[in-house]
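Asks: Just to be clear, the model below is a prediction. Sequence and coordinates:
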Amino acid sequence: MLTKMDSLSPRQIADHAIQVLEDHKATDIRCLDVSHLTTLMDFMIVATGRSDRHVRSLGDALVESCKEDGIEVLGMEGKESAEWLLVDLVDVVVHIMLPRTRDFYEIEKLWDFSPRDEDANRGHIGIG
């Protein structure tokens, strides 16, 4: 038996997550295709919430919507402090952060590699 979850591609799951985040007023939503960097996930979504309460609310809304639509939710971490909440949707990982947390960790820079970035850094070992 084919379930709705089985019929959704990682891109469709990412699109669903982005729509939920937009509907609940997340800001600065960014979706990175990281499939060429890791086998752990295909997409990473990073979004910002206005407050810890908003971050929690965004995570709860995302989990609820995914479950209603048959999208598997492996878990949610960080709900207690709600500075950085992670929702694992198997092939899509969603990070919802407070602005100061997102600015501090700059998680997009850790994962957003383009071929030209790799070429520019080739041979550079970072010794002053």
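Replies: Everything's here; your move.

Asks: what helix or strand is Cys31 on?
Replies: Element membership for Cys31, per DSSP states H and E: strand 27-33.

Asks: what's that strand in contact with?
Replies: Outside strand 27-33, the residues within contact range by CB atoms under 8 Å, 6 or more residues apart in numbering are 14, 18, 21-22, 42-50, 102, 108, 111-112. (C-beta placed from N, C-alpha, C; glycine too.)

Asks: Provide the strand pairings for the helix or strand just after that strand, with the direction of each partner.
Replies: Next in sequence after strand 27-33, counting helices and strands by DSSP H and E, comes strand 43-48. Strand pairing for strand 43-48, using DSSP bridges, gives strand 27-33 (antiparallel), strand 92-97 (parallel).

Asks: hmm, who's touching strand 43-48?
Replies: So strand 43-48 is contacted by 10-11, 13-14, 17-18, 21, 26-35, 58, 91-99, 102, 107-108, 111 (CB under 8 Å, 6+ apart).

Asks: Repeat the analysis, applying 6 Å as the threshold.
Replies: 10, 14, 17, 21, 26-34, 92-97, 99, 102, 107-108, 111 (CB atoms under 6 Å, 6 or more residues apart in numbering).

Asks: Any of those residues buried? List them.
Replies: Neighbour-count burial (16 or more other CB atoms under 10 Å) applied to the contacts of strand 43-48 gives 10, 14, 17, 21, 26, 29, 31-32, 34, 92-97, 102, 107.
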